[in-house]
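S.K.: give the three-dimensional model of this entry:
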Amino acid sequence: MQIEIIDISSPFYTASLNLRNEALRIPLGMDISNEDLSDDKDQVQFVAIEDNEIVGIVMLVPHYKKRIGKLRQMATSGEVRGKGYGIKLVKALEEYAIKNEMVSISLHSRHYAVGFYKKLGYEITSSVFQEVGINHYVMQKNLITD
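M.R.: Alright, predicted model coming up:
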């Protein structure tokens, strides 16, 4: 398995959209083809590739002036879920953020993913709220340690 950064011109972009759709949208009765994806061009997309197929994705929305980033669209395929690929994707995102002088990462975690992010050092910073019809929490991790 390797992790690469891709953009919307990558031959892997369509496969990453398919994974996002299958893992994050279809289970909610949604379809990614109905969404505005124009912001994808401004986000850093990390993909896990195994046997020339996308098996994981996570995206970083960089806010360079504020020196923070937002993690979004974290997904792994069912075949590799639970094998550490998600952890490796988040670590790659965090390393990129640190190299680009970001001091923290925030995210909106679906309620069932809170434990995953807690294991990686993220803390809940909000009350529960609804997003795409399910419970979420804002979580944050400071990247700079004293």
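
S.K.: where does pLDDT dip in this protein?
M.R.: Scanning the chain for pLDDT under 70 picks out the ranges 146.

S.K.: that one: helices as residue ranges?
M.R.: Applying DSSP state H to the chain gives helices spanning 13-20, 85-99, 114-119.

S.K.: show me where this structure has strands.
M.R.: Taking DSSP state E, the strands of the chain run over residues 2-6, 44-50, 53-63, 68-76, 104-110, 123-124, 129-131, 134-142.

S.K.: so can I have TSV of the ones you listed showing mean neighbour count?
M.R.: For the C-beta atoms, the positions are set from N, CA and C on the backbone; glycine is no exception. Shown next, in TSV, are the strands of the chain (neighbours: other C-beta atoms under 10 Å):
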stretch	mean neighbour count
strand 2-6	14
strand 44-50	21
strand 53-63	21
strand 68-76	21
strand 104-110	20
strand 123-124	13
strand 129-131	10
strand 134-142	17
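
S.K.: can you lay out those as JSON lines showing distance to E35?
M.R.: Formatted as JSON lines, the strands of the chain follow (distance: least, C-beta to C-beta, whole Å):
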{"stretch": "strand 2-6", "distance to E35": "18"}
{"stretch": "strand 44-50", "distance to E35": "15"}
{"stretch": "strand 53-63", "distance to E35": "13"}
{"stretch": "strand 68-76", "distance to E35": "11"}
{"stretch": "strand 104-110", "distance to E35": "16"}
{"stretch": "strand 123-124", "distance to E35": "26"}
{"stretch": "strand 129-131", "distance to E35": "14"}
{"stretch": "strand 134-142", "distance to E35": "16"}
